[in-house]
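In: just coords:
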């Protein structure tokens, strides 16, 4: 089914880094500190569902860095977590981050496909290629260079999608009178033999209620954009400036079309870090409380892991060094922050504090009305199709957005008052993929 959404309405998801997206957000009174507390994570998902958001999106990194972001010191495996959330929520979309570099495609197809079945078609997969050397050490492998990671991911995704197409809709007959359980004419064995993978199939799951789980991708490097153009249905981007965002949006839509896909079938969502107050004074006070928690150099370890450089020896009060993307580091974040530094004449301390505060995402501080104004402007100007919320801490900062900003957007007609369907695709206004070998 092709579910259309009003182009004037924006899309909203939330990125759940349980200990907060601010480097010290967990220190705020009432903020979540137990990142393995399922009841607390379920509450976040239910708040998102109450706000009629499209999805909750769980980060993951299969490495524990004791000096980095507290979210990744302790954390539940995301597909297992989504399985539990699928059974305890009813409408909210559920997206898990899983690396294509350090997992097997059959296992991934089965895990995400299982969440999709349990949830009734609400699952999505955020494809990451993983740039941290510490992850490779946990698997006894070398970390592939940047370009190779995307080459591997391209084949990986073809295998996963092929496995999800193992069965056409209606393959289960279960005719008790004749004893016929399946229609074998609707079975399609993959028999994939490629450069990196050899996978026979079929997958032991019937076709998804939404055709296939939704593919999400967040890399904005050249390789990441090319990969997204071929495969991604939700593209998560880091943008600070509306003109830069408009250029990225237009360029990305052109690449999607050049890859032979309908550009309207790719949603481009910008990361949004909200600091909401009922008044400007309240919003300012909240911002100042968060800013006061930033200690000199507190984000350097996380930045070093993210970008592939040892930044701990760079003087905070010196200029921003000329950092060239490495083969292992995540390039898009680095390029956005360095561009901002050059444009605004920032010191390295400014970039550090920006990362510590909002991880480089678009920061909107203000009342529900002023935040809604900017959100509408970006969508109206085709800088994005919506937003992935990056709250500084949970649950309070996220609940504030749902209770204050979402009703303002709904009042203006810019966001849905209720769900129009039951699947993640229906929330996003994405069509259900037609099985490539389905008979008319």
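Out: Good, I have the coordinates. Bear in mind the structure is a predicted one, so any value in this text is a computation, not a measurement.
In: Helix or strand: which one has the residue nearest to residue 162 when sequence neighbours are not counted?
Out: Nearest residue to residue 162, sequence neighbours excluded (Cβ to Cβ, 6 or more residues apart in numbering): residue 190, at 4.5 Å. The way it works is simple: take the backbone N, C-alpha and C, and place the C-beta from them, glycine included. Secondary structure assignment for residue 190, by DSSP states H and E: no helix or strand.
In: ok, now residue 274?
Out: strand 267-276.
In: what packs against that strand?
Out: The contact analysis (3 or more Cβ pairs under 8 Å, 6 or more residues apart in numbering; DSSP states H and E) places strand 267-276 against strand 11-16, strand 234-237, helix 242-258, helix 280-292, strand 362-366, helix 368-380, strand 386-389, helix 396-400.
In: So what are the sheet partners of that strand and their directions?
Out: Paired strands of strand 267-276, with direction, are strand 234-237 (parallel), strand 362-366 (parallel), strand 386-389 (parallel) (DSSP bridges).
In: Buried residues of stretch 49-67, list them for me.
Out: 49, 51-63, 65 (16 or more other Cβ atoms under 10 Å).
In: no, scratch that, I was asking about stretch 243-263
Out: 244, 245, 246, 248, 249, 252, 253, 255, 256, 261, 263.
In: so the last one makes contact with residue 256?
Out: Yes - taking contacts as Cβ atoms under 8 Å, residue 263 lies within contact range of residue 256: 4.7 Å.
In: Make a markdown table from the buried residues of stretch 243-263 and add distance to residue 236 and pLDDT to it.
Out: Listed next are the buried residues of stretch 243-263 as a markdown table, based on distance: Cβ to Cβ, whole Å; pLDDT from 0 to 100:
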| residue | distance to residue 236 | pLDDT |
| --- | --- | --- |
| 244 | 16 | 92 |
| 245 | 13 | 95 |
| 246 | 17 | 98 |
| 248 | 12 | 95 |
| 249 | 13 | 97 |
| 252 | 11 | 97 |
| 253 | 15 | 98 |
| 255 | 16 | 97 |
| 256 | 15 | 98 |
| 261 | 17 | 97 |
| 263 | 17 | 97 |
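In: which of those residues lies closest to residue 21?
Out: residue 245 (19.2 Å; Cβ to Cβ).
In: thought that closest one was touching residue 377?
Out: No - the pair residue 245 and residue 377 fails to qualify as a contact (Cβ under 8 Å) at a distance of 10.7 Å.
In: how long is stretch 231-250 from one end to the other?
Out: This stretch, stretch 231-250, spans 17 Å end to end (Cα to Cα, to the nearest Å).
In: Which residues outside it are in contact with it?
Out: Around stretch 231-250, the neighbours that count as contacts under Cβ atoms under 8 Å, 6 or more residues apart in numbering are 57, 124, 126-127, 154, 157, 214-218, 220, 228, 252, 265-271, 332-333, 336, 339-340, 343, 360-362, 377-378, 381-384, 388, 428, 430.
In: Return the subset of the buried residues of stretch 49-67 lying in strands.
Out: 55, 56, 57, 58 (DSSP state E).
In: Let's have those in TSV, adding distance to residue 307.
Out: Output for these, formatted as TSV (distance: Cβ to Cβ, whole Å):
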residue	distance to residue 307
55	27
56	27
57	22
58	23
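In: for these, which one is nearest residue 184?
Out: Nearest member of those to residue 184, counting by Cβ to Cβ, is residue 55, at 35.5 Å.
In: Look up the closest residue to the closest one, ignoring the ones flanking it.
Out: residue 93 (3.1 Å).
In: what's the answer for residue 96, then?
Out: residue 78 is the one closest to residue 96 (Cβ to Cβ, 6+ apart), at 3.8 Å.
In: Can you give me the distance of that neighbour to residue 85?
Out: 10 Å (Cβ to Cβ, to the nearest Å).
In: joint contacts of those two?
Out: By Cβ under 8 Å, 6+ apart, no residue touches both residue 78 and residue 85.
In: Now do the helices in the stretch 51-200 of the chain.
Out: 78-86, 105-119, 133-138, 146-164 (DSSP state H, counting those that start in this stretch).
In: Just tell me which of these ends up closest to residue 422.
Out: Closest among those, using Cβ to Cβ: helix 105-119, at 9.3 Å.
In: For that closest one, enumerate the helices and strands it packs against.
Out: Going by 3+ Cβ pairs under 8 Å, 6+ apart, helix 105-119 lies up against helix 78-86, strand 93-99, strand 123-128, helix 146-164.
In: switch to 10 Å and redo it
Out: On a contact count with 3 or more Cβ pairs under 10 Å, 6 or more residues apart in numbering; DSSP states H and E, helix 105-119 meets helix 78-86, strand 93-99, strand 123-128, helix 146-164, strand 198-199, strand 214-217.
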